[in-house]
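> Give the three-dimensional model of this entry:
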Amino acid sequence: MTFRIEKTVTSGTFSLDGGTWDVDNNVWVVGDDTECLVIDAPHDSTAIVDLVAGRTVTAILLTHAHDDHIDAAGSLFDQVEAPIHLHPEDRMLWDAVYADAGPDGDLADGQTFSVAGRTLTVLHTPGHSPGSCCFHLPEEGVVFTGDTLFSGGPGATGRSWSSFETIIDSITAKLLTLPPETVVHTGHGDSTTIGAEAPHRQEWIDRGH
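Residues are numbered from 1 along each chain as shown. Next up is the predicted model:
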């Protein structure tokens, strides 16, 4: 069976600290012809189910719990019946959207998820939010970074429960140590590589202070 990484883009809003913004989010589906897992559940569960295309979903992995990454998680769960996993340090953000039901499982640094003969490793990368996580797929030379690292630098840290110093530490320790050819699949916008981003670390720091 052919292993593949697929993406769809969904559109909606992100709300925090009294503001609301229009956003386009990437959804990543990783697997083969029979099974897959889904990374993030933004805005439109139907679009995600269409990409799944009848395969067994083994897990829904959330990079973090800002509402634009989880607002379709409940309906996606209802349609594919796969467990939702989130780092517990983002539970307050989850509870703001789903007050009556928690995720099915916690994420932890170093935890692994297997799908279609491949293994993803959880990298806890706080900063954009306390529970932000990335998912490293070394066999394919890929890391899914959510809103921790984008093409052009770190994710935003100007809102509640975020920290610029922490996100820089996370990126430095957990992401820039990956092979430079590693492809970075992000939560919004275009993909990049570790090698393309690493030389700009000091520029990010200078810009952020």
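> Now do the buried residues in stretch 101-121.
Pro103, Gly105, Leu107, Gln111, Phe113, Val115, Ala116, Arg118, Leu120 (16 or more other Cβ atoms under 10 Å). From N, CA and C alone the C-beta is placed, and that goes for glycine too.
> Which other helices and strands does the helix or strand containing the fifth one contact?
Phe113 belongs to strand 112-115 when assigned by DSSP states H and E. Helices and strands in packing contact with strand 112-115 are listed as strand 35-39, strand 56-61, strand 118-124; criterion 3 or more Cβ pairs under 8 Å, 6 or more residues apart in numbering; DSSP states H and E.
> for the first one, packing partners?
Counting contacts by 3+ Cβ pairs under 8 Å, 6+ apart, strand 35-39 packs against strand 19-31, helix 45-52, strand 56-61, strand 112-115.
> Mean pLDDT and distance to Asp71 added to those, as TSV?
Formatted as TSV, the helices and strands packed on strand 35-39 follow (pLDDT from 0 to 100; distance: least, Cβ to Cβ, whole Å):
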stretch	mean pLDDT	distance to Asp71
strand 19-31	98	10
helix 45-52	98	9
strand 56-61	98	13
strand 112-115	98	22
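> what's the burial count for the nearest residue to Leu62 once chain neighbours are set aside?
Nearest non-adjacent residue to Leu62, counting by Cβ to Cβ, 6 or more residues apart in numbering: Leu86, 4.6 Å away. Neighbours of Leu86 under the rule other Cβ atoms under 10 Å: 26.
> do the one 5 residues further on as well
Burial measure for Arg91: 16 neighbouring residues, criterion other Cβ under 10 Å.
> can you list the weak-confidence ranges in the protein?
1, 209 (pLDDT under 70).
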